[in-house]
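Peer 1: Sequence plus predicted model, see below.
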Amino acid sequence: MTTILDGKSLRDKILSELKTKLEKYDKKPTLVVILVGENPASKIYVNNKKKTAESLGINSIVINYPSDVSESELLNKIEELNTNPEVTAILVQLPLPKHINKFNIINAITPSKDVDGFTPENAGKLFIGETPYAYPCTPKGIIKLLEEYNIEISGKHAVIVGRSNIVGKPLSQMLLDKNATVTICHSHTENLSEITKTADILISAVGGKIILENMIKNNAVVIDVGIFKDENGKTRGDVDFEAVASQASYISPVPGGVGPMTIAMLMSNTVELFEKSM
Ligand code: NAP
């Protein structure tokens, strides 16, 4: 029997716990989100983050810049936010326009307010086994989802398809820390299906229909991170859910799996940074 990994229910449970936790404080966290340009997907993500934060009693400020904003203007704003004691968490919504060097921007965020865990200090801490101020939200959400369903990670072969800085790479380290044996695949990987078929836990973070029938081992755990719109405008994941679900022991749906967990972890990181700031 296949179990659906229900990210929505777990998100609701986590958000309700965070709300209760925040009620005991006189002060509230302040999360500042910097949004550059008019990317429709980014606007939706940022709105969701703001709405969710406000529902928990978190002060949420969105600073929207036009797409031609200069790098130095953004850097000045980040410096101002870094030194403002009221601001406890800073997030720069990616992607940024091409004329802006995203590394310069992310590196400017003070690590103790880096709610995404993307700064070199936090990423470096993760990779050397020190506790970062915050763990990247999507990988953290995936680990929480696996733990919620008591899925064994230690000793298992985890195959991650995708090697981005926001999902694949940090997730590989987090799974390694939990004693999985980890393989990372990408667009140059040869014989992808031969590798995915060896996964006890298969995580796909690509953004296209890539995990098809007969690409998984029987009873594998399948986590679908990908999100894209198909030719009919319908939201899809990387996994051909209908073809693969019956072969899996556990599978996360799109929508309703990893997406809700990512936002829950953003809120959890916001609360953790706030508590560490006191
Ligand atoms: P990304 O930076 O675009 O990386 C995509 C990765 O997929 C790259 O490592 C790329 O390989 C690999 N890839 C592309 N085509 C491939 C192929 N044919 N075979 C194997 N690997 C292939 O993406 P991302 O930011 O990590 O996001 C990935 C997907 O997850 C997107 O759909 C995004 O919207 C979604 N996402 C969802 C959430 C959520 O909360 N649900 C959060 C973050 C991202 P190369 O490195 O060789 O180019």
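Peer 2: Nice, thanks for sending it over.

Peer 1: Give me the neighbour count for Val167.
Peer 2: Neighbour count for Val167, taken as other C-beta atoms under 10 Å: 24. In this view, the C-beta of every residue, glycine as well, is placed from N, C-alpha and C.

Peer 1: Not counting its neighbours along the chain, what's nearest it?
Peer 2: Distance criterion C-beta to C-beta, 6 or more residues apart in numbering; nearest residue to Val167, sequence neighbours excluded, is Ala205 at 4.1 Å.

Peer 1: now Thr52
Peer 2: Nearest residue to Thr52, sequence neighbours excluded (C-beta to C-beta, 6+ apart): Ile263, at 5.5 Å.

Peer 1: wait, isn't that neighbour in contact with Lys50?
Peer 2: No. Here Ile263 does not reach Lys50: they are 10.8 Å apart, not a contact under C-beta atoms under 8 Å.

Peer 1: Look at those two and report which has more neighbours.
Peer 2: Comparing Ile263 with Lys50 by neighbour count (other C-beta under 10 Å), the higher total belongs to Ile263, at 22 against 17.

Peer 1: picking up where we left off before, need the per-residue pLDDT for the residue nearest to Thr52.
Peer 2: Turning to Ile263, the model gives it a pLDDT of 98.

Peer 1: can you give me the strands in the protein?
Peer 2: Assigned by DSSP state E, the chain shows strands spanning 3-4, 30-36, 59-65, 89-92, 157-161, 181-185, 201-204, 220-224, 228-229, 235-236, 248-251.

Peer 1: relative to strand 59-65, how tilted is the second one?
Peer 2: In this case it means strand 30-36. Taking axes from the mean of the first three to the mean of the last three C-alpha atoms, to 10 degrees, strand 30-36 and strand 59-65 form an angle of 20 degrees between their directions.

Peer 1: For strand 30-36, name the packing helices and strands.
Peer 2: If you count contacts as 3 or more C-beta pairs under 8 Å, 6 or more residues apart in numbering; DSSP states H and E, strand 30-36 packs onto helix 40-55, strand 59-65, helix 71-83, strand 89-92.

Peer 1: neighbouring contacts of that strand?
Peer 2: 42-43, 46, 49-50, 53, 58-67, 69, 74, 77-78, 81, 86-93, 96-97, 100, 115, 270 (C-beta atoms under 8 Å, 6 or more residues apart in numbering).

Peer 1: so where is the stretch 51-200 of the chain shaky, pLDDT-wise?
Peer 2: Under the criterion pLDDT under 70, no range of the stretch 51-200 of the chain is flagged.

Peer 1: Alongside the ligand, which residues does it contribute?
Peer 2: By the criterion of C-beta under 6 Å from any ligand atom, the positions of the stretch 51-200 of the chain lying close to the ligand are 138, 161-164, 166-168, 185-189, 192.

Peer 1: quick one on the thing from earlier: CSV for the strands of the chain, including mean neighbour count?
Peer 2: Conversion of the strands of the chain to CSV gives the following (neighbours: other C-beta atoms under 10 Å):
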stretch, mean neighbour count
strand 3-4, 14
strand 30-36, 23
strand 59-65, 16
strand 89-92, 26
strand 157-161, 24
strand 181-185, 18
strand 201-204, 28
strand 220-224, 27
strand 228-229, 12
strand 235-236, 16
strand 248-251, 21
